[in-house]
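Student: only geometry, no sequence info:
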């Protein structure tokens, strides 16, 4: 019996050691955000690196004084809200047409969408930048939203889910005289909540941290999202580490709250797609 | 049964498809072909020369371009190190967590947490961890582990250490993602298989070797391929942590393409790099298809 208890203790020690590797940088960030700049660097070799002696909120005040944090947060929320929201509608509609409706060109378009799945965004970022710049389209919200609304991965996820729905549900609605639109909105969508959640989470994770595209397409702080704000902090000497870490904490806090609240959905969404 | 006429279904289908199709065409298909077309020209932003076809000149140049070759080599090295290390770590964590264990969800959440952090933030926090001072976090940890033998160094500005430093950051961020995929696959293995193996007298290692691994094959292939493709897509960390330096020792293909086309206005060269990058990803995807087919037959 004692032996068994010893094993359990060892087990949890091992797990906690592994967990520590994952949370140490996060603790370090939080602790550093609550210290004067000089201490962030000087205390890295002691326990004080992750446990500050006292809480100093000056860095947080500095962040608000140095950058329009609220503006950046709003930009990020707006851009990602639009990508996710519009994406759900556009991709679900397209996927339903591909999965369930009879029309000429269906097989060809389906093959085309699947082929687009393998083009990574990084391969088209530079040509897309030139294409849109040539049209004079730069530096606003929509140029950060529209390129990501229609998404082959989202269409594919919806498509596979719709294929797996029992046809009887839709057929019963049709027999009762419901048209395609009624059937889709009243029968299919309420039965497809899990895939809507998965697609919303996967697209959110894909684009929330987006860095390359807004870096290429925007110049004004007025429309730039949070991930770019951190770069402005970093390139303006002298580097104020405390401010950067405070900014970091404020930047991840909203996502972390959403993540912890919807944790099972996040895990399921990622586990079924393997995509971040 | 009141069936709609085929024409009306046809029209509704195209209406459903239209917004998606428009987006995919404008923002994926057109730039994709634009990249191919421009890569065969001499396009340069702000150049007085007229734009003309130059055939495969840019591609031939890339073959002799030490900057590009270095970037390609770095991506290969990145994949060769990160893919096996990250997959094995993820497999270990997944297997370790896949048993009745109080607090399992808490540990899973902790391992997965870095995945929801934006890479740009992670990169900046790790710049601090790699601080060149003797008491920098990484330098300090290595000194303690080596019992004081470790000499402090500036990881991100050291030709030997810049790329490994970026690799470690990427592994830290990405391993939770793979763990979750593998854990889901482990939980889908029917318990009867293990019971049957136990009746046959299989030991833990034999059960892992002959039940777990074969059942996990597709998930593992998937994880390896996704990670390999991600290893070729690396950009954010490099841009923020090392700017490709020192002397391109940590530059990647996407980084080089962005630098050429964006920072130096060498449009055709950047496009050629983008096309080569796409071909590499295409090749990896084809290998994946092949590996998946083998399991089915």
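Tutor: Nice, thanks for sending it over. Treat the numbers as computed from the prediction; the structure is a model and nothing was measured.

Student: Excluding residues flanking it in the chain, which one is nearest the residue in the stretch 101-250 of chain B positioned nearest to chain A?
Tutor: Proximity to chain A, evaluated over the stretch 101-250 of chain B using CB to the nearest CB, is greatest for residue B:118 at 3.0 Å. Quick note: C-beta positions are derived from backbone N, CA and C, even for glycine. Closest residue in space to residue B:118, ignoring its immediate chain neighbours: residue A:209 at 3.0 Å, by CB to CB, 6 or more residues apart in numbering or on different chains.

Student: Could I get the pLDDT score of the one you found?
Tutor: The model reports residue A:209 with a pLDDT of 87.

Student: ok so, going back, correct me, but the residue of the stretch 101-250 of chain B closest to chain A touches residue A:229?
Tutor: No. Under the contact definition of CB atoms under 8 Å, residue B:118 does not touch residue A:229, with a separation of 10.8 Å.

Student: Please identify every residue contacting each of those two.
Tutor: residue A:251 (CB atoms under 8 Å, 6 or more residues apart in numbering or on different chains).

Student: Which is the succeeding secondary structure element to the helix or strand where residue A:252 lies?
Tutor: Assigning secondary structure by DSSP states H and E places residue A:252 in helix A:241-261. As assigned by DSSP H and E, the chain's next helix or strand after helix A:241-261 is helix A:263-273.

Student: what about that following helix and chain B, touching?
Tutor: Yes. Using CB under 8 Å from any CB of the partner chain, helix A:263-273 comes into contact with chain B via A:263, A:266-268, A:270-272.

Student: now for that helix, which elements pack on it?
Tutor: In terms of contacts (3 or more CB pairs under 8 Å, 6 or more residues apart in numbering or on different chains; DSSP states H and E), helix A:263-273 is packed against helix A:152-164, helix A:193-208, helix B:104-112, helix B:162-187.

Student: Am I right that residue B:85 is in contact with residue B:172?
Tutor: No. With contacts counted by CB under 8 Å, residue B:85 stays clear of residue B:172, the gap being 11.0 Å.

Student: Mind checking which of those two has more residues around it?
Tutor: More neighbours sit around residue B:172 than around the other of residue B:85 and residue B:172, counting by other CB atoms under 10 Å in any protein chain shown; the figures are 19 against 15.

Student: What is the helix holding residue A:252 packed up against?
Tutor: Packing partners of helix A:241-261 (3+ CB pairs under 8 Å, 6+ apart): helix A:2-33, helix A:37-42, helix A:58-66, helix A:69-100, helix A:226-235, helix B:119-129.

Student: So which of these is the most surrounded?
Tutor: Burial of these is given as mean neighbour count (mean count of other CB atoms under 10 Å in any protein chain shown); helix B:119-129 ranks first at a mean of 23.

Student: what pLDDT, on average, does that helix get?
Tutor: On average, helix B:119-129 scores 90.

Student: Out of the helices and strands packed on helix A:241-261, the one nearest residue B:199 is which?
Tutor: Residue B:199 lies closest to helix A:2-33 among the helices and strands packed on helix A:241-261, at 24.5 Å (CB to CB).

Student: what about that closest one and chain B, touching?
Tutor: Yes. Using CB under 8 Å from any CB, helix A:2-33 comes into contact with chain B via A:11-12, A:15, A:18-19, A:21-23, A:25-26, A:28-29, A:32.

Student: Farthest pair within these?
Tutor: A:11 and A:32 (31.7 Å).

Student: count of residues packed around residue 105?
Tutor: Looking at chain A here, since you left the chain open. Residues contacting residue A:105 under the criterion other CB under 10 Å number 13.

Student: actually chain B
Tutor: Taking other CB under 10 Å as the criterion, the count of residues near residue B:105 is 13.

Student: Show the pLDDT at it.
Tutor: In this prediction, residue B:105 carries a pLDDT score of 84.

Student: Could you measure from the closest residue to it other than its chain neighbours over to residue A:206?
Tutor: Excluding its sequence neighbours, the residue lying closest to residue B:105 (CB to CB, 6+ apart) is residue A:263, at 7.7 Å. Remark: distance between residue A:263 and residue A:206 (CB to CB, to the nearest Å) = 18 Å.

Student: What of residue B:177?
Tutor: Distance of residue B:177 to residue A:206, computed by CB to CB: 12 Å.

Student: higher neighbour count, these two?
Tutor: For residue B:177 and residue A:206, the more surrounded residue by other CB under 10 Å is residue B:177, and the numbers stand at 26 against 20.

Student: these two touch, right, residue A:25 and residue B:129?
Tutor: Yes. The criterion here is CB under 8 Å, and residue A:25 meets it with residue B:129 at 6.3 Å.

Student: could you dump the residues of helix A:2-33 next to chain B to JSON lines with pLDDT?
Tutor: Formatted as JSON lines, these follow (pLDDT from 0 to 100):
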{"residue": "A:11", "pLDDT": "86"}
{"residue": "A:12", "pLDDT": "89"}
{"residue": "A:15", "pLDDT": "89"}
{"residue": "A:18", "pLDDT": "89"}
{"residue": "A:19", "pLDDT": "90"}
{"residue": "A:21", "pLDDT": "88"}
{"residue": "A:22", "pLDDT": "89"}
{"residue": "A:23", "pLDDT": "89"}
{"residue": "A:25", "pLDDT": "88"}
{"residue": "A:26", "pLDDT": "89"}
{"residue": "A:28", "pLDDT": "89"}
{"residue": "A:29", "pLDDT": "91"}
{"residue": "A:32", "pLDDT": "90"}
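
Student: of all the residues you listed, which comes closest to residue B:67?
Tutor: When the residues of helix A:2-33 next to chain B are ranked by distance to residue B:67 (CB to CB), residue A:25 comes first, at 31.6 Å.
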